[in-house]
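3D model of this:
(one chain, ligands or ions: 2)
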Amino acid sequence: MTILRPILVMGICGTGKSSVARGLASCIGGSFIEADQYHDASSVARMRAGQPLTDDMRWGWLDRLADAVRNAPQRAVLACSALGLAHRDRLRAGAGALDIVFLHGDRALIEARMIARQDHYMPISLIDSQLAALQPPDPAAEGALWIDVALPLPAIIDIAADTLAPQAKTTGGETE
Ligand SMILES: Nc1ncnc2c1ncn2[C@@H]1O[C@H](COP(=O)(O)OP(=O)(O)O)[C@@H](O)[C@H]1O
Ligand SMILES: O=C(O)[C@H](O)[C@@H](O)[C@H](O)[C@H](O)COP(=O)(O)O
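Ligands and ions are numbered 1, 2, ... in the order given. You can find the predicted model right below:
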């Protein structure tokens, strides 16, 4: 039996983390984990008010996420911004080594998608602080697959599944 690494789908707000991670988990028989659901209420209120989180507000959140990844019944597929190297290191400290899908793209495109997105607490004004905090993951050192979000969602999911879980994709399951 092969031990597969959990998958982190990361990027700034509006890049499609939730959409890609949900679709990828469904495609490979993994467990989708949505980081937005692990914030405490004060963090959500702060972002809703247009204030970025500080690292002190992020550590506990990242630790809860690492627990969720470790305890996932199937291969975890985590949608989480994980903008900085220190944030990813914190996840890895609790959850072990990760495969990474890094969603990146044109700022204007991402902004347009955030404007079109309904019912989300994250204001468009936080794009700038997200970009300032972003430390793109090194493809070699961190094992990160970079995908341009200009691609259609099904194509992004296909590339990620083909690269990170080809057997699960073709067999419809992870056990072997
Ligand atoms: N590849 C894509 N092409 C077109 N629209 C997309 C794509 N990925 C995501 N979207 C849309 O963009 C918006 C932001 O996606 P979402 O998954 O909420 O991003 P994030 O979780 O990174 O904030 C949503 O309305 C989603 O339906
Ligand atoms: O989908 C989004 O818009 C983001 O994922 C957002 O909801 C997330 O909660 C923040 O990114 C907080 O975390 P950071 O400030 O560490 O990115």
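
least confident secondary structure element in the chain?
helix 166-171 (a mean of 74; mean pLDDT, DSSP states H and E).

would you confirm that Gln74 contacts Ile33?
No. At 10.7 Å, Gln74 does not count as touching Ile33 under the criterion of CB atoms under 8 Å. Every residue, glycine included, has its C-beta placed from N, CA and C.

these two: who's more crowded?
Ile33 (24 against 16; other CB atoms under 10 Å).

hey, C-alpha coordinates of the helix ranked longest in the chain in PDB?
The longest helix of the chain (DSSP state H) is helix 55-70. Taking Å, rounded to 0.1, in the frame of the first residue of the first chain, the C-alpha atoms of helix 55-70 are listed here in PDB:
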ATOM      1  CA  ASP A  55       0.200  35.600  12.200                       C
ATOM      2  CA  ASP A  56      -0.800  35.300  15.900                       C
ATOM      3  CA  MET A  57      -4.400  34.900  14.600                       C
ATOM      4  CA  ARG A  58      -3.300  32.300  12.100                       C
ATOM      5  CA  TRP A  59      -1.300  29.800  14.200                       C
ATOM      6  CA  GLY A  60      -4.200  28.200  16.100                       C
ATOM      7  CA  TRP A  61      -6.200  28.000  12.900                       C
ATOM      8  CA  LEU A  62      -3.400  26.300  11.100                       C
ATOM      9  CA  ASP A  63      -3.000  23.800  14.000                       C
ATOM     10  CA  ARG A  64      -6.700  23.000  13.800                       C
ATOM     11  CA  LEU A  65      -6.300  22.400  10.100                       C
ATOM     12  CA  ALA A  66      -3.300  20.200  10.500                       C
ATOM     13  CA  ASP A  67      -5.400  18.100  13.000                       C
ATOM     14  CA  ALA A  68      -8.200  17.800  10.500                       C
ATOM     15  CA  VAL A  69      -5.800  16.800   7.700                       C
ATOM     16  CA  ARG A  70      -4.200  14.100  10.000                       C
END
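
need the next SSE after it, C-terminal direction.
Going down the chain from helix 55-70, the next helix or strand is strand 76-79, by DSSP states H and E.
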